[in-house]
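Q: sequence first, then the predicted structure:
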Amino acid sequence: MQESTESRTSERRLAALSEAEGLIDRLHRETETQREALRRAIHDDLGGFLVSAAMDFTSVRQRLPELDLPILEHLSYMPLPKGPEITG
């Protein structure tokens, strides 16, 4: 009888351990899924911001001749940021 009780206890412990391992695996997968979603969101937001800033910089640089020649000369030494080509 004691052997039977110990066997059931061991089975319950193994089942609980297996369930805990499954939950840990699920937690790791969910964490990675959330990290990837966050990476994509940051990449998209930052990319959009940088493209917008590059476009604004180009626009300002094109209008500078009418604003201030020394600033234009200073900016001529600054390379334009590389961004995606805009077609259309």
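A: Cool, the structure landed. Being a predicted model, the structure only gives us computed values, none of them experimental. Numbers count the residues shown, from 1 in each chain.

Q: what mean pLDDT does the helix or strand hosting residue 63 have?
A: Assigned by DSSP states H and E, residue 63 belongs to helix 2-63. Across helix 2-63, the average pLDDT comes to 90.

Q: by contact count, what packs against it?
A: With contacts taken as 3 or more CB pairs under 8 Å, 6 or more residues apart in numbering; DSSP states H and E, helix 2-63 sits against no other helix or strand. For the C-beta atoms, the positions are set from N, CA and C on the backbone; glycine is no exception.

Q: how far away from the center of its chain is it?
A: Relative to its chain's centre, helix 2-63 lies at 11 Å (CA atoms, centre = their mean, to the nearest Å).

Q: and what of stretch 51-68?
A: Counting by CA atoms, centre = their mean, stretch 51-68 comes out at 29 Å from the chain centroid.

Q: over to stretch 49-69?
A: 28 Å.

Q: pull the CA atoms of that stretch into CSV?
A: Coordinates of each C-alpha in stretch 49-69 appear next as CSV, following Å, rounded to 0.1, in the frame of the first residue of the first chain:
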residue,chain,number,x,y,z
PHE,A,49,11.0,59.4,-37.9
LEU,A,50,14.4,59.3,-39.6
VAL,A,51,13.0,59.5,-43.1
SER,A,52,10.8,62.4,-42.1
ALA,A,53,13.8,64.2,-40.5
ALA,A,54,15.9,63.6,-43.6
MET,A,55,13.2,65.0,-45.8
ASP,A,56,12.8,68.0,-43.6
PHE,A,57,16.6,68.5,-43.6
THR,A,58,16.7,68.4,-47.4
SER,A,59,13.8,70.8,-47.6
VAL,A,60,15.5,73.3,-45.3
ARG,A,61,18.8,72.9,-47.1
GLN,A,62,17.1,73.7,-50.4
ARG,A,63,15.6,76.9,-49.0
LEU,A,64,18.7,78.1,-47.2
PRO,A,65,20.1,80.2,-50.1
GLU,A,66,17.3,82.7,-49.5
LEU,A,67,17.9,82.6,-45.7
ASP,A,68,21.6,82.7,-44.8
LEU,A,69,24.7,82.1,-46.8
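
Q: let the chain start at 29 from now.
A: That works, and once the first residue is 29, the last one we named lands at stretch 77-97.
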